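Chemist: Just a sequence and a predicted model for now, questions to come.
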Amino acid sequence: MGCSSCCGKTKTTKTEEDEDWPELEDGPIADRQCRDVVFLIIFILYLGGMVYVAYRGVSQGDPYRLVYGVDSWGNVCDRKNTPIPGVPLSGRDMSGKKRTLHLDPGYYTELLKTHIIPSFSSDPDIVVCLSHCPNETLSSSAEVDAYMARTNTSLCRYDTSAYVSDDDICLTPVKPHTSVFWRCIPDSVVMMVKGMSGSFTSLLSGISGGSFTQKVISDLKNTWVEILYLAAIAFGTSVVVVVLMWLLAAVIIWMLIFAVIAFSIGASGYSWYCWYRFDTRYKGLPADQQTEAERERTQTWLIYAAVTSAITLVLLLVLLIMRKRIQLVVQLFKEAGKALKCVPCLLLQPVWTLLILVGTVGGLVLIAVYIETSGQPNVNNQTQTVSYEMEKSWEYVRWYHIFGFLWISAFIVACQDFVIASAIATWYFKRDKSSMGCPIATAVWRIIRYHMGSIAFGSFIIAVVRLARLILAYIQSRLRGKSGPVVDFVLKVLQCCLWCFEKFLAYLNRNAYIEIAIFGHSFCTGAKKAFLLILENALRVAAINSIGDFVLFLGKLSTMAVVLVVGNEFFQGHEDVNFVFVPLTVSCAFAYAISHCFLLVYEITIDTIFLCFCEDCKENDGINKPYYMSTDLLNYMQKTSKIMNMDKQKKKKKEETDLATV
């Protein structure tokens, strides 16, 4: 199943399985069938199960338990509560009392030592709701009673009117507290955490004279208009970068290659020069001055020189082998620019995907909050306290929802990949580019009508691997500090292997969606064809994924650089900005995200055109069955074919000469 001789390979005959593949006729296959229906049914049933889980979670859960907390008698802070049978202190109106206070002041100190965070609804000590955290040091019962009367804030159990020095009844001792996420935490613990987190924030606060966090928020508030302007500039710059990659692809790629070669040779030469200088100096020293440090420095530069020389040699050999494939990368960049010029709305596809993804993820996270707060009150008859405990079955529901979250998010991204691939495949295989119609709408229709099952299948595989990584990360967090170095190393290796496997599957899936977009295959058939094509064109794929991806990364950096320079000019005149790097960092983050959206489309476009090119070479011969590729791509292919034929003739002539000599 190689490409034709024009593509540099020998045309192979199709197998019986290949004969069943549909042939292209002026565009991707139009006569399609519903594929992977079983997985579509499974996906729909799973979504139905998630709807039921959401209904159960919303009916039983209460996010206020997580946001504001729960006291020891089942009262949710800042809510009107219903009485719980057998608990006299339940059913209280806690409106306005948004903060929780642990009466045992050592609770958070012990928490820092053990690093074990208990369930928010099953704290082991007494917890009360109150409107304000205590902010004074009170040393006597009279002072505490006076404070409670003055502030109308009780620091004791609800059934206690006077202060008692007992941490099961009242806060003992009374020290200043700070409200952190509606939890009253002793100032001593807060200062301890700040000390553990490092002195960077404190250093900046000391230099600027005030709270670093407050000044950061103030800077963002004072510069949000300029940040929006810079986001618009990033949008325009990204469009310019895409156009430049189309027009100057050859210049950019070859300049990049020459720069890498020059840097490698320069690094090697510099390393050898440093080694020679230190080696000469070392040998010229008297024997009593030839220290171990001098000898190690000389050996270190010798190692540097050897490593850089080896890397340079390998790099030169790789570029020598792949020099012809690099021309294909240049041509694919040009073709991608032409395609996006014909279908410019594709550049906005990641924006719609992002909006849908953010809305979906936000809804699923909210449902997860309801699930996590769906515990039922469990009354301790001895202490008459309440803890909310999740039913055993809800442990499985939690993982069910997590997997659904991973599956749905992967499904949305896969739909984007298919839409872009389908639109570009339509452009490639349409001989009359003006008769394409609306390829994006056609792609969406094909997803809904034929290929939702295939996309559900592919996204399911990705979700399974991500779930495995999530479980492994959970195991790592539970074993941190408890297992030996060997176990830690094995877990990190497994995590790395799973990450690599996920990246491989994501790449294979994307190419499978391209095959599905062209021929209407099922997912397994599309993945198989894509995998075989990648193997057949391994060197070309390596060139595209190395050089092409790095050029796209440089495009993202270019957008960030423009925003950085313009933003620096914007913010220099702002006297109300404390730290210029704060709005600049935010602006550069927006610039990178915007540029990534544009160049992600460019990347998928290049991958799609490459597979279309390979399929075009395989299915057509240019004589009886004309190629679909553009004139420029055809000229490149013919030029490459002539060079390879000349090489073959030279090799054949040399072999004949050698035989004649013998």
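Modeler: That came in fine, so what should we check first?

Chemist: From here on, just use CA atoms for contacts and neighbour counts.
Modeler: Fine.

Chemist: Using the three-state scheme, assign residue 452.
Modeler: Here residue 452 is helix, with the state taken from DSSP: H, G, I helix; E, B strand; the rest coil.

Chemist: packing partners for the host helix or strand of residue 564?
Modeler: Counting by DSSP states H and E, the secondary-structure element that holds residue 564 is helix 549-572. In terms of contacts (3 or more CA pairs under 8 Å, 6 or more residues apart in numbering; DSSP states H and E), helix 549-572 is packed against helix 212-247, helix 249-284, helix 581-619.

Chemist: Tell me how many other residues crowd residue 273.
Modeler: Residues lying near residue 273 (other CA atoms under 10 Å) number 15.

Chemist: and if you look at residue 292?
Modeler: One way to gauge burial is a neighbour count; for residue 292, by other CA under 10 Å, it gives 9.

Chemist: same thing with residue 632?
Modeler: By the criterion of other CA under 10 Å, residue 632 has 12 neighbours.

Chemist: Now do the same contact list for it.
Modeler: For residue 632, the contacting residues are residue 331, by CA atoms under 8 Å, 6 or more residues apart in numbering.

Chemist: that older thread, what comes into contact with the helix holding residue 564?
Modeler: Contact with helix 549-572 is made by 223, 226, 230, 233-234, 237-238, 241, 252-253, 256, 577, 580, 584, 587-588, 591-592, 595-596, 599, 603, as judged by CA under 8 Å, 6+ apart.

Chemist: Please type out the ChimeraX selection for whichever of those turn out to be buried.
Modeler: Buried members of the contacts of helix 549-572, identified by 16 or more other CA atoms under 10 Å, are gathered into one ChimeraX selection as follows:
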select :223,226,230,233,234,237,238,241,253,256,577,580,584,587,588,591,592,595,596,599,603
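
Chemist: returning to what we had before: and the helices and strands packed on helix 549-572 as JSON lines, adding mean pLDDT and distance to residue 479?
Modeler: Conversion of these to JSON lines gives the following (pLDDT from 0 to 100; distance: least, CA to CA, whole Å):
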{"stretch": "helix 212-247", "mean pLDDT": "80", "distance to residue 479": "33"}
{"stretch": "helix 249-284", "mean pLDDT": "83", "distance to residue 479": "43"}
{"stretch": "helix 581-619", "mean pLDDT": "86", "distance to residue 479": "34"}
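
Chemist: what's the most buried one of those helices?
Modeler: Highest mean neighbour count of the helices and strands packed on helix 549-572: helix 581-619, a mean of 22 (counted as mean count of other CA atoms under 10 Å).

Chemist: packing partners for that one?
Modeler: helix 212-247, helix 323-342, helix 349-372, helix 392-429, helix 485-519, helix 523-536, helix 549-572.

Chemist: For the stretch 51-200 of the chain, give me the ranges with low pLDDT.
Modeler: Per-residue confidence for the stretch 51-200 of the chain (pLDDT under 70) gives these ranges: 111-124, 194-200.

Chemist: let's see it at 80
Modeler: Filtered on pLDDT under 80, the stretch 51-200 of the chain yields the residue ranges 104-125, 139, 161-168, 172-173, 190-200.

Chemist: can you give me the helices for it?
Modeler: Assigned by DSSP state H, counting those that start in this stretch, the stretch 51-200 of the chain shows helices spanning 64-67, 107-114, 141-151, 187-196, 200-208.

Chemist: what residues does the fourth one touch?
Modeler: Residues outside helix 187-196 that contact it (CA under 8 Å, 6+ apart): 108-109, 175-178.

Chemist: Of all the residues in it, which ones are buried?
Modeler: With the criterion 16+ other CA under 10 Å, helix 187-196 contains buried residues 189-190.

Chemist: Equivalent analysis for the third one, please.
Modeler: Taking 16+ other CA under 10 Å as the basis for neighbour counts, the residues of helix 141-151 that come out buried are 144-145, 147-148.

Chemist: Just give me the closest of the contacts of helix 187-196 to residue 374.
Modeler: Top of the list for closeness to residue 374, among these and by CA to CA, is residue 108 at 25.1 Å.

Chemist: Contact partners for the closest one?
Modeler: Contact analysis of residue 108 by CA under 8 Å, 6+ apart lists 185, 189.

Chemist: change it to 6 Å
Modeler: For residue 108, no residue counts as a contact, taking CA atoms under 6 Å, 6 or more residues apart in numbering as the criterion.

Chemist: Residue 193 versus that one, what's the distance?
Modeler: 11 Å (CA to CA, to the nearest Å).

Chemist: Which one (most neighbours) among the contacts of helix 187-196?
Modeler: Sorting those by how many neighbours each has (other CA under 10 Å) puts residue 177 first, at 22 neighbours.

Chemist: Can you spell out which residues form a bridge with that residue?
Modeler: On DSSP bridges, the residues paired with residue 177 through beta bridges are residue 186.

Chemist: quick one: it and residue 186 touch, right?
Modeler: Yes. Counting by CA atoms under 6 Å, a contact exists between residue 177 and residue 186, whose distance comes to 4.2 Å.

Chemist: Let's have the helices and strands packed on helix 549-572 in TSV, adding distance to residue 101.
Modeler: As requested, the helices and strands packed on helix 549-572 are exported to TSV (distance: least, CA to CA, whole Å):
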stretch	distance to residue 101
helix 212-247	25
helix 249-284	61
helix 581-619	35
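
Chemist: what's the neighbour count on residue 439?
Modeler: Applying other CA under 10 Å, we find 19 other residues in the vicinity of residue 439.

Chemist: That one is in contact with residue 423, isn't it?
Modeler: Yes. With contact defined as CA under 6 Å, residue 439 counts as touching residue 423 (4.8 Å).

Chemist: which residues are in contact with both of these two?
Modeler: Common neighbours of residue 439 and residue 423, using CA under 6 Å, 6+ apart, do not exist here.

Chemist: In stretch 439-457, which residues have enough neighbours to count as buried?
Modeler: Neighbour counts using 16+ other CA under 10 Å place 439-440, 443-444, 446-447, 450-457 of stretch 439-457 among the buried residues.

Chemist: Convert the C-alpha atoms of it to CSV, please.
Modeler: Only the C-alpha atoms of stretch 439-457 are listed here, as CSV (Å, rounded to 0.1, in the frame of the first residue of the first chain):
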residue,chain,number,x,y,z
PRO,A,439,-17.7,22.6,4.5
ILE,A,440,-18.0,23.4,8.2
ALA,A,441,-21.7,22.9,8.3
THR,A,442,-21.3,19.7,6.2
ALA,A,443,-18.7,18.4,8.7
VAL,A,444,-21.1,19.1,11.7
TRP,A,445,-23.9,17.3,9.8
ARG,A,446,-21.7,14.3,9.2
ILE,A,447,-20.8,14.0,12.9
ILE,A,448,-24.5,14.1,13.9
ARG,A,449,-25.7,11.9,11.1
TYR,A,450,-23.0,9.3,10.8
HIS,A,451,-20.0,9.5,13.1
MET,A,452,-21.0,10.3,16.6
GLY,A,453,-20.3,6.7,17.5
SER,A,454,-16.8,6.7,16.1
ILE,A,455,-15.9,9.9,17.9
ALA,A,456,-17.4,8.5,21.1
PHE,A,457,-15.2,5.4,20.6
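
Chemist: Provide the contact partners of that stretch at residue level.
Modeler: Where contact means CA under 6 Å, 6+ apart, the residues beyond stretch 439-457 that reach it are 34-37, 39-40, 419, 422-423, 523.

Chemist: Next, give me the two most distant ones among those.
Modeler: 39 and 423 (24.5 Å).

Chemist: Neighbour count: these two, which is higher?
Modeler: More neighbours surround residue 423 than the other of residue 39 and residue 423, with 27 against 18 (other CA under 10 Å).

Chemist: Now do that one against residue 445, distance only.
Modeler: If you measure residue 423 against residue 445 using CA to CA, the figure is 12 Å.

Chemist: same question, residue 354
Modeler: 20 Å.
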